[in-house]
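Asker: Need coordinates for the below:
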Amino acid sequence: MGGVAKVDRTTNRSKAMRYSRKIGRMGNSLGVSIPKALAEKLNVGQGDEIEFIENNKGEVVLRKVIPTKLPDHVRPEVLEAFYDIFNEDRDILDDLRDR
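Answerer: Predicted structure coming up:
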């Protein structure tokens, strides 16, 4: 990824560290690099998986994905199919829950 922008290490009133990066091209995708200090704080390295969580304020939280070991009798493809169906039918399930 070409050229990294500045890292703004100023703090705001809540003592949160602020980092700034430019978005670059990575193949057909867009990407940003993670500052070394933040990578160390998140305990992430090359090959680790991270997730981006958008909260109700429109902010994005970055968090390391902690891999979980499935029980031996659960196949990953079955669990993935379950999640796909759950997400497709989420409105129906929410309606049933709220009755």
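Asker: can you list the domain ranges for the chain.
Answerer: For the chain, automatic domain parsing gives the domain ranges 1-33, 42-67, 68-99.
Asker: which stretches of this structure form helices?
Answerer: 36-42, 76-88, 90-97 (DSSP state H).
Asker: Please identify which of the ones you listed is closest to residue 55.
Answerer: Nearest to residue 55 among the helices of the chain is helix 36-42 (17.4 Å), distances taken as C-beta to C-beta. Quick note: C-beta positions are derived from backbone N, CA and C, even for glycine.
Asker: Extract the C-alpha set from that closest one and format it as CSV.
Answerer: Output in CSV follows, covering the C-alpha atoms of helix 36-42 (Å, rounded to 0.1, in the frame of the first residue of the first chain):
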residue,chain,number,x,y,z
LYS,A,36,2.3,-0.3,15.1
ALA,A,37,1.3,1.1,18.6
LEU,A,38,-2.4,0.2,17.9
ALA,A,39,-1.5,-3.2,16.6
GLU,A,40,0.4,-3.9,19.8
LYS,A,41,-2.4,-2.6,21.9
LEU,A,42,-4.9,-4.8,20.1
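Asker: quick one: the most centrally placed residue in the chain from residue 81, how far?
Answerer: The residue lying closest to the centre of the chain (C-alpha atoms, centre = their mean) is residue 51, at 1.4 Å. According to C-beta to C-beta, to the nearest Å, residue 51 and residue 81 sit 21 Å apart.
Asker: what about residue 34, how many neighbours?
Answerer: For residue 34, the count of nearby residues is 16 (other C-beta atoms under 10 Å).
Asker: which ones are touching it?
Answerer: Applying C-beta atoms under 8 Å, 6 or more residues apart in numbering, we find residue 34 in contact with 42, 44.
Asker: Can you give me the distance of it to residue 90?
Answerer: For residue 34, the distance to residue 90 equals 31 Å [C-beta to C-beta].
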